[in-house]
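K.L.:
what shape does this take:
(one chain, ligands or ions: 2)
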Amino acid sequence: MTIQPDSFTTIPILDYAATTSAATKPAFLADLRNALVNVGFFYLVNAPITSHIKEDLVAKCKALFDLPLEKKLEIEMVNSKHFLGYSRLGAEITARKQDFREQFDFATELPEPGPDQPLYRNIRGPNQWPDEAVIPGFRSSVEAYLAQLSPVAENFQALIAEALDLHPTALKQFFDNPVQQKMKLIKYPPPRSESESQGVGAHKDSEFLTFLLQATPHYGLEVQNKSGVWISAPPIEGSLVVNIGRALEAITRGVCTATTHRVSLAPWNYLDPVDGSSLGPRFSIPVFQGMSLDLSVDDINLEFPEHIMELVGDEKARSDAEATFNKIFRGRTGEGTLIHRIISHQDVGRRWYPEMLARALGENSIWAVAALFPVAFAADIYVSPDGSDDAAGTLDAPLKSIQVAVDQASAGDTIYLRGGTHTPTTNIQITKSGTSSAPYVLRAYEGEAVIIDGEELPGTPADLDASLANSDRGILHIEDAEYWEFYDLELINGPYGVYSRDASNNHYERIVTRDNYETGFQIQGTASNNVVLYLDSYGNRDPRKNGESADGFACKEGSGEGNSAVTIEDTISWGNGFNRWDFSPFEGDGNGYKLGGGDDADIGPANHRVINSIAFGNAKDGFTDNSQPGNFELIRNTAWDNAAVGFKFGTAVATLTDNIAASNGEKPTSLSDEQVSEGNSWDGSGTWDDSSFVSVDVTLVQGERNADGTIEASDFLIPVSGEAIGATTDWSA
Ligand SMILES: O=C(O)CCC(=O)C(=O)O
Ligand SMILES: [Fe+2]
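P.N.:
Ligands and ions are numbered 1, 2, ... in the order given. Model prediction:
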């Protein structure tokens, strides 16, 4: 085989049988070297895995996914601090987006680590096996497959060393005994809409090597070459796809390439290329080879011969994988792996490692430095109500003005606001963009309570019937700015709290917008991929229109190229639209979630997703499209006790799944014929009212939130019937 140029266009095929004879092994090692250095991927054929063991595993895998949801939930990953068990559809996040796959993680059965062991040792531990009575022989099937794959994988420790002209045992030092093999069983259901096209987002694997069994004939696996072009890696009968993880890249100081890959769920990947019939769900079974969790930079001592080092090009591969994880090998590999798992499985992170999750999402300085792959240092800038704008902006010498910090910051920097009340006199203009791997972050410093009070800003309030200039809208006025992240901020008394115009790819988490003189949180204009999590928006009103048009959360227009899409998850909107201010006449309407509106000329399709959110006690509707076209998706939301309609969709095409509407003043829903409605309270025959819930005590959700932004779990609006529909305050459920 010829050595491939830097940008490979095909994925090499290596024959494992060639390793067993002295005559054929040198050619195998040459091909392996090429694959390791230039591609990062190869197909392995003739690995000694018995076909009935493989077929049995695939059959058991399909049977496991076919179990009823409640059986799968018995072994949900959130129960396991070892990140083992079931993850439902959409539970995993890669490259900051939800993956549309369902999966089970199993691993070499290992005991729970002792209390004196480092925290990261919890990555290993006992499995959650499915009930043997329900799916007999499952565990033995997994173990039989791993028993055959493990020696092949371990043999690659020697083969790789030899391919790089090292001593065959040179890599042995990097492994624990026993090696932890981690197996994922993955199901990618056919996508229901274009928004579900990310099977798994662009990423590099973390471990040593991955051995992937593509268990169905679907196309979809794609590998990114060094020029950034995506190359398809379709299944080849009888093969495993092997790829290099970041840990192997790290210990070989970049000689071996961890290559970015993804699974695309484009509709055509689900069709039989011969007759166009549907292939059903895609299944795949990767096995990841764990390395020692205790490795640190100091352990990387391999000396490569010069001719091997020369193979490594200087030019940087283009990669769409998140750069964040380049930073994970700074401490012990176990620490990096744990952070990676926590970010990928945030429900597990919230339950078992809440502090680490908060820090990891905040991208705090302790993980922000790359040891092996130098990246620019991200700066931290501090702002305090007691600071001074002549100060250096450090923790000890903070700035005073948030705007000065915003102006000084570069992409990738974090602006920390110290606790107390910040009182800007001009609104904070955010008009520059970060990147997906170097976002700007504006956040409260370590659990401190930060209020930004807009009372001194223009337009608080504007006169009756006066208009408010665009640039005066919002304590945070975000315009044409991308890749900003906002955490833990309370915005009060502003001319709007958050006002975003023509801004995409921004992330808002644990934001409170209350008592503003217009809508609390408004996203307007061209906007895609904004995410709003754990928002509390209440008490907002607009005196300049006698209270008519202030909403808790509003998302308007959606003009311009492409669709505007916002994901709203785990939020509550209540009590909007009531005259608490003695406006006379009072013209408040007040919806829970107004998902459209704005100037007719600018209204374009917007594909919003609203998940696990509650609208209650609002003066008008719970959830409404408000004239917005687009493909909406509403999953497990609850509209309870709103004065008008629970769910009102006429212009958008909404797919409503597993929502509840109960005790709303006019009617549960107002849906045009085009709406797709399945598994919702109104799709069944029963009636839903207060008695359908374990509790309707609103005080359960009006207290302080937990540190991670979640509301204290309670029985509020949980169906008495036990059905898994409607929103829950147990956000992990
Ligand atoms: O499903 C596949 O083919 C690939 C899965 C993958 O890349 C992963 O889980 O790391
Ligand atoms: Fe992968």
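
K.L.:
what is the lengthiest helix in the chain packed up against?
P.N.:
Identified as the longest helix of the chain according to DSSP state H is helix 138-163. Judged by 3 or more Cβ pairs under 8 Å, 6 or more residues apart in numbering; DSSP states H and E, helix 138-163 is in contact with helix 25-34, helix 51-66, strand 181-188, strand 209-214, strand 282-289. For the C-beta atoms, the positions are set from N, CA and C on the backbone; glycine is no exception.

K.L.:
do you know which of those lies nearest Ala619?
P.N.:
Proximity to Ala619 (Cβ to Cβ) singles out strand 181-188 among the helices and strands packed on helix 138-163, at 42.9 Å.

K.L.:
paired strands for the closest one, with orientation please.
P.N.:
strand 102-107 (antiparallel), strand 282-289 (antiparallel) (DSSP bridges).

K.L.:
hmm, who's touching the shortest one?
P.N.:
Read it as strand 102-107. 64-65, 72, 75, 77, 82-89, 92, 124, 127, 129, 142, 180-187, 189 (Cβ atoms under 8 Å, 6 or more residues apart in numbering).

K.L.:
ok, the last one next?
P.N.:
Residues lying outside strand 282-289 but in contact with it, judged by Cβ under 8 Å, 6+ apart, are 57-58, 61-62, 65, 146, 149, 153, 156, 179, 181-188, 199, 205-216, 218, 220-221, 245, 263, 265, 269-270.

K.L.:
next, the angle strand 209-214 makes with it.
P.N.:
160 degrees (axes from the mean of the first three to the mean of the last three Cα atoms, to 10 degrees).

K.L.:
tell me the buried residues in the helix or strand just after strand 282-289?
P.N.:
Later in the chain than strand 282-289, the nearest helix or strand by DSSP states H and E is helix 306-309. Buried residues in helix 306-309, counted by 16 or more other Cβ atoms under 10 Å: Ile308.

K.L.:
ok, stretch 469-489 next?
P.N.:
472-479, 481-489.

K.L.:
go on, stretch 173-184?
P.N.:
Within stretch 173-184, judged by 16+ other Cβ under 10 Å, the buried ones are Phe174, Phe175, Val179, Gln180, Gln181, Lys182, Met183, Lys184.

K.L.:
check stretch 58-71 too.
P.N.:
Val58, Lys60, Cys61, Lys62, Ala63, Leu64, Phe65, Leu67.

K.L.:
so Glu571 makes contact with Tyr534?
P.N.:
Slight slip there: residue 571 is Thr, not Glu. Yes: applying Cβ atoms under 8 Å, one finds Thr571 in contact with Tyr534, separated by 6.4 Å.

K.L.:
near ligand 1, which residues of the stretch 51-200 of the chain?
P.N.:
Contacts of the stretch 51-200 of the chain with ligand 1, taken as Cβ under 6 Å from any ligand atom, map to Lys184, Ile186, Val200.

K.L.:
pick out whichever of those residues sits closest to Lys432.
P.N.:
Val200 (31.1 Å).

K.L.:
if that closest one is in a bridge, with which residues?
P.N.:
Val263.

K.L.:
how about Val532?
P.N.:
According to DSSP bridges, beta-bridge pairing links Val532 with Tyr508, Ile568.

K.L.:
use 35 as the first number from now on
P.N.:
Got it, first residue is 35 now, which makes that one Val566.

K.L.:
run through the residues that contact it.
P.N.:
With Cβ under 8 Å, 6+ apart, Val566 has these contacts: Tyr542, Glu543, Ile545, Phe555, Phe587, Val600, Thr601, Ile602, Glu603, Thr605.

K.L.:
can you point out the buried residues in stretch 247-266?
P.N.:
Buried, per 16+ other Cβ under 10 Å, within stretch 247-266: 247-250, 252-260, 265.

K.L.:
compute the first-to-last residue distance for it.
P.N.:
Its first and final residues considered, stretch 247-266 spans 15 Å by Cα to Cα, to the nearest Å.

K.L.:
and what of stretch 140-152?
P.N.:
22 Å.

K.L.:
now stretch 691-698
P.N.:
Using Cα to Cα, first and last residues of stretch 691-698 are 19 Å apart.

K.L.:
got a list of contacts for that stretch?
P.N.:
Contacts of stretch 691-698 (Cβ under 8 Å, 6+ apart): 655-656, 667-681, 702-703, 712-716, 722-724, 726-727, 730, 751, 753, 758-761.

K.L.:
next: stretch 67-78.
P.N.:
35, 37-40, 42, 45-48, 50, 65-66, 186, 194, 197-198, 245, 257, 259, 267, 270, 273-278, 289-293, 295, 345-346.

K.L.:
now do 6 Å
P.N.:
37-38, 42, 45-48, 50, 197, 257, 270, 273-278, 290-293, 345 (Cβ atoms under 6 Å, 6 or more residues apart in numbering).

K.L.:
over to stretch 328-343?
P.N.:
Leu198, Asp199, Ile285, Arg366, Thr367, Ala405.

K.L.:
7 Å instead?
P.N.:
Residues outside stretch 328-343 that contact it (Cβ atoms under 7 Å, 6 or more residues apart in numbering): 198-200, 204, 208, 284-287, 289, 365-368, 405-406.

K.L.:
distance of whatever residue of the stretch 335-484 of the chain ends up closest to ligand 1 from Asp239?
P.N.:
When scored by Cβ to the nearest ligand atom, the stretch 335-484 of the chain has Ser378 as its residue closest to ligand 1, at 9.9 Å. According to Cβ to Cβ, to the nearest Å, Ser378 and Asp239 sit 12 Å apart.

K.L.:
out of the contacts of stretch 67-78, list just those in strands.
P.N.:
Ile47, Leu48, Val257, Ser273, Leu274, Val275, Val276, Asn277, Ile278 (DSSP state E).

K.L.:
let's have those in JSON lines, adding distance to Tyr387 and pLDDT.
P.N.:
Listed next are those as JSON lines, based on distance: Cβ to Cβ, whole Å; pLDDT from 0 to 100:
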{"residue": "Ile47", "distance to Tyr387": "41", "pLDDT": "97"}
{"residue": "Leu48", "distance to Tyr387": "39", "pLDDT": "97"}
{"residue": "Val257", "distance to Tyr387": "32", "pLDDT": "93"}
{"residue": "Ser273", "distance to Tyr387": "37", "pLDDT": "97"}
{"residue": "Leu274", "distance to Tyr387": "32", "pLDDT": "97"}
{"residue": "Val275", "distance to Tyr387": "31", "pLDDT": "98"}
{"residue": "Val276", "distance to Tyr387": "31", "pLDDT": "98"}
{"residue": "Asn277", "distance to Tyr387": "28", "pLDDT": "96"}
{"residue": "Ile278", "distance to Tyr387": "28", "pLDDT": "94"}
